[in-house]
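>>> Any chance you could fold what I've pasted below:
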Amino acid sequence: MSIFSRTRDIIAANVIDLIERSDDPAKTIRVVILEMEETLVEVRASAARLIADQKERRRQLAELAELQAKWTERAELALSKGRDDLARGALMEKEKLADLTDEIGGEIAQIDAALRGFEADIAKLQAKLREARTRQNAIMTRIEGAQNRARLREMYAGEKVEEAFSQFALLEQQADLAEGHADALLLAAPPKSLEEEIAELKVAERVDAELEAMKARRIAA
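I've put the predicted structure just below:
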């Protein structure tokens with residue numbers, strides 16, 4: 001397929017419709033964008049070659065103009081010397097150059113028309129490329145959003161989270177069991193010994209004596 005027909009096909013294509021009908025939009029749009037970028041590079045390269053040809057043809061026109069001017073001078077010189085034959089020959093050479101000038105001028109006109117076509121094609125291709133890239137960004141944003149939502153869903157309702165919370169419940173049961181064991185040890189504390197009970201009585205006796213003394217001092221005052 002020539003670059004011209006491929007360019008026309010891409011320009012005529014409905015990129016959005018092509019992507020929306022694809023089973024794999026992300027892959028389709030990557031292929032479409034790659035095709036557009038490659039075609040755009042080729043179109044620009046072809047345009048660059050035409051511009052080079054155009055410059056070459058214009059240099060040839062300038063050279064032909066100089067040569068025609070020289071043959072005109074020669075014809076005038078020959079005529080001034082009474083050499084009509086030489087003057088006629090010089091003008092014949094000038095006419096040949098004029099025909100070549102017209103031919104090259106026609107080639108330049110064709111190149112100009114082709115360049116205008118390239119300019120229009122490049123503008124349309126760039127618009128299509130922007131359209132495809134915009135669509136690509138929209139699709140990737142949607143995919144990224146869906147993936148983020150899936151990760152969030154997994155974080156608060158996934159099997160791993162449920163498993164982690166079941167472990168919390170098991171730890172709480174173990175804590176309850178440890179606390180119950182500690183409480184049971186307190187309930188099962190051994191009774192006080194005889195010495196401990198006598199010591200407590202002595203302390204209570206001293207406290208009572210001091211309390212009575214304090215009461216007596218208050219009455220006396």
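>>> The residue positioned nearest the centre of the chain: which element?
Nearest to the geometric centre of the chain sits residue 137, at 6.8 Å (Cα atoms, centre = their mean). According to DSSP states H and E, residue 137 maps onto helix 84-157.
>>> One more: residue 170?
In this assignment (DSSP H and E), residue 170 forms part of helix 159-187.
>>> Which element is encountered next along the chain beyond that helix?
Immediately after helix 159-187, counting by DSSP H and E, sits helix 194-220.
>>> can you give me how far that following helix is from the chain middle?
Helix 194-220 sits 89 Å away from the centroid of its parent chain (Cα atoms, centre = their mean, to the nearest Å).
>>> circling back to that earlier point, separation between the residue nearest to the centre of the chain and residue 108?
Residue 137 is 43 Å from residue 108, where distance means Cβ to Cβ, to the nearest Å. Where you see a C-beta, it was placed from the backbone N, CA and C, and this is true even at glycine.
>>> what does the model give residue 169 for pLDDT?
Model confidence at residue 169, given as pLDDT, is 69.
>>> I should have written residue 62 there, sorry.
Looking at residue 62, its pLDDT reads 95.
>>> What count of nearby residues applies to it?
When neighbours are defined as other Cβ atoms under 10 Å, residue 62 has 10 of them.
>>> and if you look at residue 101?
Neighbour count of residue 101, defined by other Cβ under 10 Å: 17.
>>> do the same with residue 54
17.
>>> isn't it right up against residue 111?
Yes - counting by Cβ atoms under 8 Å, residue 111 is a contact partner of residue 54 at 4.6 Å.
>>> Determine the three-state secondary structure at the closest residue to residue 86 other than its chain neighbours.
Using Cβ to Cβ, 6 or more residues apart in numbering and skipping the chain neighbours, the partner closest in space to residue 86 is residue 78 (3.6 Å). Here residue 78 is helix, with the state taken from DSSP: H, G, I helix; E, B strand; the rest coil.
>>> quick one: contacts for residue 78?
Contact partners of residue 78, counting by Cβ atoms under 8 Å, 6 or more residues apart in numbering, are 84, 85, 86, 87, 89, 90.
>>> now with 7 Å?
86, 87, 90 (Cβ atoms under 7 Å, 6 or more residues apart in numbering).
>>> Among the residues you listed, which one sits closest to residue 127?
Distance to residue 127, by Cβ to Cβ, is smallest for residue 90 among these, at 55.3 Å.
>>> Local confidence estimate at the closest residue to the closest one other than its chain neighbours?
Leaving aside its sequence neighbours, residue 90 sits nearest to residue 75 (Cβ to Cβ, 6+ apart; 3.7 Å). Reported pLDDT at residue 75 in the predicted model: 92.
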